[in-house]
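>>> Quick one: sequence and predicted model below, then my questions.
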There are 2 protein chains.
Amino acid sequence: MGGDAAPGVVIKGANIARQRFPQLQFLLFGRESEIRPVLDRMKKLESVTTVVHTDAIVRSDERPSVALRSGRSSSMRLAIDAVRDGRAAGVVSAGNTGALLGMAKFVLKTLPGIDRPAIASYFPTLKGESVMLDLGANVSCHARNLVDFAVLGIAFARTVLGIMRPTYGLLNVGSEELKGHEALQDASAILKMSDLPGVFVGFIEGDDIAKGTVDVVVTDGFTGNVALKTAEGTAKMINEYVRRTFRSSMLAKFGYLLARSALVKLRQRVDPRRYNGAIFLGLNGIAVKSHGGTDALGFANAIGLAVDMAEQKFIEQIRIDAAALNQQTPKKRAAAI
Amino acid sequence: MGGDAAPGVVIKGANIARQRFPQLQFLLFGRESEIRPVLDRMKKLESVTTVVHTDAIVRSDERPSVALRSGRSSSMRLAIDAVRDGRAAGVVSAGNTGALLGMAKFVLKTLPGIDRPAIASYFPTLKGESVMLDLGANVSCHARNLVDFAVLGIAFARTVLGIMRPTYGLLNVGSEELKGHEALQDASAILKMSDLPGVFVGFIEGDDIAKGTVDVVVTDGFTGNVALKTAEGTAKMINEYVRRTFRSSMLAKFGYLLARSALVKLRQRVDPRRYNGAIFLGLNGIAVKSHGGTDALGFANAIGLAVDMAEQKFIEQIRIDAAALNQQTPKKRAAAI
C-alpha cells in the first residue's frame, strides 16, 4: 500500500518480477478491495500470489514512532512479520522509510555483532558499480558503527555485486590538517588491523564516489544522505543541460536524431529506476525500500534486489564476516574505541 | 609560487586579468629569477607590476602549522601581509590551501562578530548560480558558526552574484525523524528570528544544491567539502559517459559533428575553470584560493573574483550585516546557543 501510486505500481512491479524470476511466489499485504481489481487482470501473477487483507496502512507522513506503536496490524508490519516468521524470504515496500526502518529493526532485530542497521544503495560509477552506506539510518556514528558498515557493505558487494575481494574506503575530507572526525580516525585504525574479505584503501573523498575508486563507500548516515542526494541532483542537472543543448539549434536537433540510439542507451545506463531500492543492512532478514515515486519497472528492480540477496545468502555471509571480525579483534577494537 | 605550474600560470593568468580589468596593478611575490623571464615577454603586464623578491616558498605538502611558524618570509606570507598593510586590495594564490587559510587567519584576523572564517565557492545550478559554504575550513561547527556562515554567504551573494535578497538554507537530511544534528536545529531557530537581508527557506537536502533551490547553501566544512567534491565527481562522470556515447557508433559521431557548436557552449557553461577560486570569507581582507591544477584562464578567473569582491566592497557589506545581526539578536543567540 506504500508509494505514490499504490497498490497499482506494486502489483505491476510484482508481475514484471514474476517474469524475470519464475520461481517467485508473492504475499501481498493490504486492502483486498484495492488489490483484487488489479490482480484480476494478471492471471499468472494471481496464481502465485496470496493476498493477506488488512485495512490498516502506515501513511507516508506518519511519524515512525507512532507507526511503530499503533501500526501493529498495518500492511507494512504484517509484511515484516512474515519475514521474521520465515513465511517470506524478504520484504519490499515503497512506503514510509522511517517507519519501515523502525519496524524492521524492532521486528527482525539486528544481526549478532552488529550494533545498528544501515541503509545502503548501489549506483553507477566510471568503473562499474559501487555500494554506499549509511544513507540516513544513523545521523551520527561512532567508530564501531562505521566498522560494522564496512562489514555489511563488503558482504553486499561480495554477494550481490559479485566482487569477491571488494575495495572499501572511509569517506572523508581532503586537507591534511582537517582529516575528519575522531570516529573516522578510530575506524580507520581498526579497519587497517582487521582481516575482512576486502581491501581497505583508507580515506577517500567525495569525487572518488563517481570515479569508482572503491567498491564500498563507508560513511555516516548524515554525510551519506547528503552525498547520495547531491550526486542525484547533479546528474539530473547535467542531463537537463544536455537536453537543452540538443534543442538549442536546428543543427543540434539533427545531431540528436543521428545520435539518438546511442543516447537512449546512455539514458538506460543511468536510469534511476535501474538503481531503485535502498537496502536495510544489518538486520536478521532482508528488507528493501523502493523509491515512493518509482514506476512498475523500478519496483520490479527493487524486488530483484531482494531476490538476489536471498539467493546469494546475504544474511549468512554477514553472519560469518561479523563473527570473524569480532573473534579476530575484540581487544584491539575495545582499545581503539 | 603556488600551484602545479608556477610561476608561469600565475603570471599568464595575471596578464589575462590585466586585459579584463585595465585598472589593475599587480604585486608578484616570489623568486625574481623565475618570475622575470616570463614577465619579460609581457611588456604591458610588466609596466603595471611590482616584483617583490623572496626565496622562501611554502611547499604544497607542508603542514599549515609548520608554514605558519617558519614561513614568515615566504611569498605566501608576504602577499598576505600586503593585504593587511593596505598595499594590496586582495591576495590570490594557487598554493597550499591549509597554509594559506592558516596564515590569512593569523595575519588578517576575523571580522568583528565572526568567530571562524569559512571557505566558499560558487557553482552553476539549474536556475543560475549559487554559493556554498563552508567547504572545509571547519570540520565540525556549532550553531553559532553556521549562523555566521549565513551572514557571510548572503553578503557574497549580494555583492558578487548581484542578488539583492538571496534565498538561503541549511543543508540537512530529509527524513522527519532524522532531522540532523543539534547545531542545525539551533542554527535554524536563530535564523528564523534573524533579520538578515535574505530569505531563509529552512532545511534543504543534497539534491537542492544543483536544483538551485537557494542562492546560499549553508553547511559545516565536512559536509560541504564532501558535497562539493561529490558534485564535481558526478559531473565529470556524466560528461565522460556523454563523450563515450558520441564515440560509440558512426551515426553518433555524425550527430556529434552536427551538434558540436551547441555542445561546446555547454562545455563552456560547466567549465570548472569558470568557477575556479575558493574564497576565504569572514576575514579582514580578501583572500582567494585558486585550484592548484588550473591553467592561466582559470587563474585569471580567480583574480576576477578577488577584483569583484574588492570593487563591490564585500568586506564593508559583511561588517554592516554582522553588526546588525549581533545588535538584533544578542540575547536570542545566547539563549539558543
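Good, I have the coordinates.

>>> phi, psi of the closest residue to residue A:48 other than its chain neighbours?
Nearest residue to residue A:48, sequence neighbours excluded (CB to CB, 6 or more residues apart in numbering or on different chains): residue A:25, at 4.9 Å. In short, each C-beta sits where N, CA and C put it, glycine included. Backbone geometry at residue A:25, expressed as degrees, to the nearest 10, gives phi -120, psi 150.

>>> Next: the one 4 residues further on.
As for residue A:29, its main-chain torsions (degrees, to the nearest 10) stand at phi -110, psi 130.

>>> In contact with residue A:11, which residues are there?
When contacts are counted by CB atoms under 8 Å, 6 or more residues apart in numbering or on different chains, residue A:11 is found next to A:28, A:35, A:38-39, A:42, A:45.

>>> re the thing from before, tell me how many other residues crowd the residue nearest to residue A:48.
11 (other CB atoms under 10 Å in any protein chain shown).

>>> Distance of it relative to chain B?
32 Å (CB to the nearest CB, to the nearest Å).

>>> Hmm, that residue is touching residue A:46, no?
No - contact between residue A:25 and residue A:46 fails when scored by CB atoms under 8 Å: they sit 11.6 Å apart.

>>> hmm, back to that, for the contacts of residue A:11, give me JSON lines that also has distance to chain B.
What follows is the contacts of residue A:11, written out as JSON lines (distance: CB to the nearest CB, whole Å):
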{"residue": "A:28", "distance to chain B": "26"}
{"residue": "A:35", "distance to chain B": "27"}
{"residue": "A:38", "distance to chain B": "29"}
{"residue": "A:39", "distance to chain B": "31"}
{"residue": "A:42", "distance to chain B": "33"}
{"residue": "A:45", "distance to chain B": "32"}
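
>>> Export these to a markdown table and append columns for secondary structure and distance to residue A:124.
Shown next, in a markdown table, are the contacts of residue A:11 (DSSP: H, G, I helix; E, B strand; the rest coil; distance: CB to CB, whole Å):
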| residue | secondary structure | distance to residue A:124 |
| --- | --- | --- |
| A:28 | strand | 31 |
| A:35 | helix | 34 |
| A:38 | helix | 32 |
| A:39 | helix | 34 |
| A:42 | coil | 31 |
| A:45 | helix | 30 |
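
>>> part of a strand, is residue A:59?
No - assessed with DSSP: H, G, I helix; E, B strand; the rest coil, residue A:59 is coil; it does not lie in a strand.

>>> OK, contacts around it?
Counting by CB under 8 Å, 6+ apart, residue A:59 has contacts residue A:96.

>>> swap the cut-off to 6 Å and go again
By CB atoms under 6 Å, 6 or more residues apart in numbering or on different chains, residue A:59 lies in contact with nothing.

>>> What spatial separation is found between it and residue B:16?
Look at residue A:59 and residue B:16: by CB to CB, to the nearest Å, they are 58 Å apart.

>>> give me the element residue A:112 is part of.
Assigned by DSSP states H and E, residue A:112 falls within no helix or strand.

>>> Likewise for residue A:280?
Assessed by DSSP H and E, residue A:280 sits inside strand A:278-281.

>>> Name the next helix or strand downstream of that strand, please.
strand A:286-289.

>>> any residues touching that next one, and which ones?
Contacts of strand A:286-289 (CB under 6 Å, 6+ apart): A:90-92, A:97, A:100, A:104, A:277-280, A:302, A:305-306, A:309-310.

>>> rerun at 7 Å
Under the criterion CB atoms under 7 Å, 6 or more residues apart in numbering or on different chains, residues A:83, A:89-93, A:97, A:100, A:104, A:277-280, A:302, A:305-306, A:309-310, A:314-315 lie in contact with strand A:286-289.

>>> Quick check on those: which are buried?
The neighbour-count criterion (16 or more other CB atoms under 10 Å in any protein chain shown) marks A:83, A:89-93, A:97, A:100, A:104, A:277-280, A:302, A:305-306, A:309-310, A:314-315 among the contacts of strand A:286-289 as buried.

>>> For burial, what's the neighbour tally of residue A:20?
Using other CB under 10 Å, residue A:20 is surrounded by 12 other residues.

>>> neighbours of residue A:247, just the number please.
The local packing of residue A:247 (other CB under 10 Å) involves 10 other residues.

>>> Next one: it from residue A:166, what distance?
Where residue A:166 is concerned, residue A:247 sits at a distance of 41 Å (CB to CB).

>>> helix/strand/coil for the one residue in the stretch 51-200 of chain A that gets nearest to chain B?
Per CB to the nearest CB, residue A:173 is where the stretch 51-200 of chain A lies closest to chain B, at 4.2 Å. Following three-state DSSP, the label given to residue A:173 is coil.

>>> what stretches of chain A score poorly on pLDDT?
Applying pLDDT under 70 to chain A picks out residues A:175-180, A:326-337.

>>> Can you identify each of the strands in it by residue range?
A:26-30, A:49-53, A:90-93, A:118-124, A:129-133, A:167-171, A:199-204, A:216-218, A:278-281, A:286-289 (DSSP state E).

>>> Give me whichever of those strands is most buried.
Greatest average neighbour count among the strands of chain A goes to strand A:216-218 (a mean of 30), per mean count of other CB atoms under 10 Å in any protein chain shown.

>>> now what about that one, what contacts it?
Taking CB under 7 Å, 6+ apart as the rule, strand A:216-218 contacts A:130-133, A:146, A:149-150, A:153-154, A:157, A:166, A:168-171, A:198, A:204, A:209.

>>> Restricting to these, which residues neighbour chain B?
A:171, A:209 (CB under 7 Å from any CB of the partner chain).

>>> What sits closest to residue A:228 if chain neighbours are left out?
residue A:135 (5.4 Å).

>>> what about residue A:103, neighbour count?
Neighbours around residue A:103, by other CB under 10 Å: 27.

>>> contacting residues around it?
So residue A:103 contacts A:67-68, A:76-77, A:80 (CB under 7 Å, 6+ apart).

>>> Kindly report the same for residue A:12.
Applying CB under 7 Å, 6+ apart to residue A:12 gives the contacts residue A:296.

>>> gap between it and residue A:322?
37 Å.

>>> Enumerate the positions of stretch A:14-22 that are buried.
Within stretch A:14-22, the residues scored as buried using 16+ other CB under 10 Å are A:14-18.

>>> Could you do stretch A:105-122 as well?
A:105, A:107-108, A:110-111, A:113-114, A:116-122.

>>> and it, how far apart are its ends?
Chord length of stretch A:105-122, first to last residue, is 21 Å (CA to CA, to the nearest Å).

>>> follow-up on the earlier one: take the strands of chain A and write them to a markdown table, including distance to residue B:270.
Converted to a markdown table, the strands of chain A look like this (distance: least, CB to CB, whole Å):
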| stretch | distance to residue B:270 |
| --- | --- |
| strand A:26-30 | 45 |
| strand A:49-53 | 48 |
| strand A:90-93 | 37 |
| strand A:118-124 | 19 |
| strand A:129-133 | 24 |
| strand A:167-171 | 24 |
| strand A:199-204 | 24 |
| strand A:216-218 | 24 |
| strand A:278-281 | 29 |
| strand A:286-289 | 32 |
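
>>> nearest to residue B:126, of those strands?
Closest approach to residue B:126 among the strands of chain A (CB to CB): strand A:118-124, 20.8 Å.

>>> strand partners of that closest one, parallel vs antiparallel please.
With DSSP bridges as the test, strand A:118-124 is paired with strand A:129-133 (antiparallel), strand A:278-281 (antiparallel).

>>> Okay, angle between the longest one and strand A:167-171 too, please.
Going back to what we said before, that points to strand A:129-133. Per axes from the mean of the first three to the mean of the last three CA atoms, to 10 degrees, the angle that strand A:129-133 makes with strand A:167-171 is 40 degrees.

>>> what separates strand A:129-133 from the chain centre, distance-wise?
9 Å (CA atoms, centre = their mean, to the nearest Å).
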